[in-house]
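Below are the sequence and a predicted model; questions follow.
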There are 2 protein chains.
Amino acid sequence: MPRGRVDVEPDDGLTTRQRRNRPLLIVHTGEMKGKSTAAFGLALRAWNQGWPIAVFQFVKSAKWKVGEETALLALNEVHERTGQGGPVEWHKMGAGWSWSRKQGTEADHAAAAQEGWREIARRLAAEQHTLYVLDEFTYPMGWGWVDVAEVVDTLRNRPGHQHVVITGRRAAPELLDAADLVVEMTKVKHPMDTGTKGQKGIEW
Amino acid sequence: MPRGRVDVEPDDGLTTRQRRNRPLLIVHTGEMKGKSTAAFGLALRAWNQGWPIAVFQFVKSAKWKVGEETALLALNEVHERTGQGGPVEWHKMGAGWSWSRKQGTEADHAAAAQEGWREIARRLAAEQHTLYVLDEFTYPMGWGWVDVAEVVDTLRNRPGHQHVVITGRRAAPELLDAADLVVEMTKVKHPMDTGTKGQKGIEW
């Protein structure tokens, strides 16, 4: 994408710098893979800028650790050891949130999702991170585990300069409406169509 | 994506393990951002598997270093220091390929692209890496700087177990035909539509 080129000069009373530095709400949706992967790729750029990053994984089981988790936590260690890049936190709901003593079970996923969202809302209010990745957060939103109107309101009114990326299929229309940037990953061709199963290093 | 579930049981004489371990040719195309970002996110998974990774950037100027480059090279240093993860190489055409003494100029981009492809073909023949990211390689293919039929033939017949990810708009039909997995990034909404310019940490 060409830098510094715009199609429309906006009439919003902001300077270019103010617009450039607008905190973004980004949604990666669609039926195809790449939604989370692109979000974690974005975290690489954020790390390089020295931004404090937090990932919240809402659905994927904690039983299997995705490669991105290990890699981004290795970058956090680089930050802690040398000061390069930014700090990275990785929280997941599957085995119970790291800040909670409770172990998650199938029965209390809704409560766990609600608890995760509460923590995120607290951190947004405290301006704790610069990039938040809410991975697969569209599902608890869609299942009514968290209140869509309250989530969207909190995101719209978050203070300071905090970027938020939300991934998952079937994003709520209210979320898409609030988003600054929406990318839909569309399937053109997938090896599972012809019976190829997922493989390590590619799917996880 | 659910693991281990397939829609069709293939009749190709391969075991599940053979199919699972099939080397993939992946294309990220479409008009929207996320193509390269998702490819670099995939590199995080590959790094975690200890795979040797090489990125070849074909078009973006080397004048500005993308955040992913710094972050993935930091992971390469982690690998060299501790043995964790895999080795990562990052090559870019913009300032002349690292293996070449020549400095690239506007005038010889076609020759530089050809030289980059020659090196990739040599490495594929030597099975030098497990994941190759050919970033924005669809453009030199589209501009006739490299021969599409030869590229596709080389990719189809690459030996061993080497995954290749190619990114960029307007991927050639022959490339899509040869690909195992094609993801199209579709624009739903983008802040540049309303005059917001790119910003560091998000666009680069």
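Received it, and whenever you're ready, just let me know what you need.

so the residue nearest to A:Ala110 when sequence neighbours are not counted, which of the three states?
In space, A:Ala110 comes closest to A:Trp145 once its chain neighbours are excluded; the distance is 4.3 Å by CB to CB, 6 or more residues apart in numbering or on different chains. Heads up, the C-betas are built off the backbone N, CA and C, glycines and all. Under the three-state scheme (DSSP: H, G, I helix; E, B strand; the rest coil), the conformation of A:Trp145 reads as coil.

contacting residues around A:Trp145?
Going by CB atoms under 8 Å, 6 or more residues apart in numbering or on different chains, A:Trp145 touches A:His109, A:Ala110, A:Ala113, A:Gln114.

just A:Val88 next, same as before
Contacts for A:Val88 (CB under 8 Å, 6+ apart) come out as A:Ala43, A:Trp47, A:Ile53, A:Ala54, A:Val55, A:Leu72, A:Leu73, A:Leu75, A:Asn76, A:His79.

Tell me the spacing between it and chain B.
Computed with CB to the nearest CB, to the nearest Å, the distance linking A:Val88 and chain B is 10 Å.

how close does the residue lying closest to that residue once chain neighbours are set aside get to chain B?
Distances taken as CB to CB, 6+ apart place A:Asn76 nearest to A:Val88, at 3.9 Å, with adjacent residues excluded. As judged by CB to the nearest CB, A:Asn76 and chain B stand 11 Å apart.

Of all the residues in the helix or strand containing A:Asn76, which ones are buried?
If you go by DSSP states H and E, A:Asn76 is part of helix A:67-82. Neighbour-count burial for helix A:67-82, with 16 or more other CB atoms under 10 Å in any protein chain shown as criterion, is recorded at A:Gly67, A:Glu68, A:Glu69, A:Thr70, A:Ala71, A:Leu72, A:Ala74, A:Leu75, A:Asn76, A:Val78, A:His79.

And the residues you listed, which is closest to A:His163?
Nearest to A:His163 out of these is A:Leu72 (CB to CB; 15.7 Å).

Emit the PyMOL select command for whichever of the contacts of A:Trp145 are buried.
With 16+ other CB under 10 Å as the criterion, this PyMOL line picks the buried residues out of the contacts of A:Trp145:
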select buried, chain A and resi 109+113
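
Now do the helices in chain A.
A:16-20, A:35-48, A:67-82, A:109-125, A:138-142, A:148-156, A:173-178 (DSSP state H).

With just CA atoms, put the third one into CSV.
The reference is to helix A:67-82. Provided in CSV are the C-alpha atoms of helix A:67-82 (Å, rounded to 0.1, in the frame of the first residue of the first chain):
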residue,chain,number,x,y,z
GLY,A,67,3.5,-21.3,17.6
GLU,A,68,2.8,-17.6,17.6
GLU,A,69,2.5,-17.7,21.4
THR,A,70,6.0,-19.2,21.8
ALA,A,71,7.5,-16.8,19.2
LEU,A,72,5.9,-13.6,20.6
LEU,A,73,6.8,-14.6,24.2
ALA,A,74,10.4,-15.2,22.9
LEU,A,75,10.3,-11.6,21.7
ASN,A,76,9.1,-10.5,25.1
GLU,A,77,12.1,-12.1,26.5
VAL,A,78,14.3,-10.3,24.0
HIS,A,79,12.6,-7.1,25.3
GLU,A,80,13.3,-7.9,28.9
ARG,A,81,16.9,-8.9,28.3
THR,A,82,18.0,-6.1,25.9
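
Show me what it is packed against.
Judged by 3 or more CB pairs under 8 Å, 6 or more residues apart in numbering or on different chains; DSSP states H and E, helix A:67-82 is in contact with helix A:35-48, strand A:53-57, strand A:88-92, helix B:35-48, helix B:67-82.

Tabulate these (JSON lines), appending distance to A:Glu127 and mean pLDDT.
Listed next are these as JSON lines, based on distance: least, CB to CB, whole Å; pLDDT from 0 to 100:
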{"stretch": "helix A:35-48", "distance to A:Glu127": "15", "mean pLDDT": "92"}
{"stretch": "strand A:53-57", "distance to A:Glu127": "12", "mean pLDDT": "96"}
{"stretch": "strand A:88-92", "distance to A:Glu127": "15", "mean pLDDT": "94"}
{"stretch": "helix B:35-48", "distance to A:Glu127": "25", "mean pLDDT": "92"}
{"stretch": "helix B:67-82", "distance to A:Glu127": "22", "mean pLDDT": "95"}
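
and the residue most central in space within chain A, what does it touch?
Geometric centre of chain A, nearest residue: A:Val133, 2.0 Å, by CA atoms, centre = their mean. Going by CB under 8 Å, 6+ apart, A:Val133 touches A:Ala39, A:Phe40, A:Leu42, A:Ala43, A:Ile53, A:Ala54, A:Val55, A:Phe56, A:Val165, A:Thr167.

most surrounded residue in the residues you listed?
Tallying neighbours with other CB atoms under 10 Å in any protein chain shown puts A:Ala43 at the head of these, with 30 neighbours.

From what I see, that one and A:Ala54 are in contact.
No: counting by CB atoms under 8 Å, A:Ala43 sits too far from A:Ala54 to count as a contact (9.7 Å).

overlap in contacts of those two?
With CB under 8 Å, 6+ apart, A:Ala43 and A:Ala54 have common neighbours A:Val88, A:Leu131, A:Val133.

pLDDT value on the second one, please?
Spelled out, that is A:Leu131. Per-residue confidence at A:Leu131 stands at 97 (pLDDT).

Skipping adjacent residues, who's closest to it in space?
A:Ala46 (4.2 Å).

What's the local residue count around the one you found?
Number of residues near A:Ala46 (other CB under 10 Å) recorded here: 25.

pretty sure it is touching B:Lys200, no?
No: taking CB under 8 Å as the definition, A:Ala46 is not a contact partner of B:Lys200, at 9.7 Å.

I appreciate the help and will end here.
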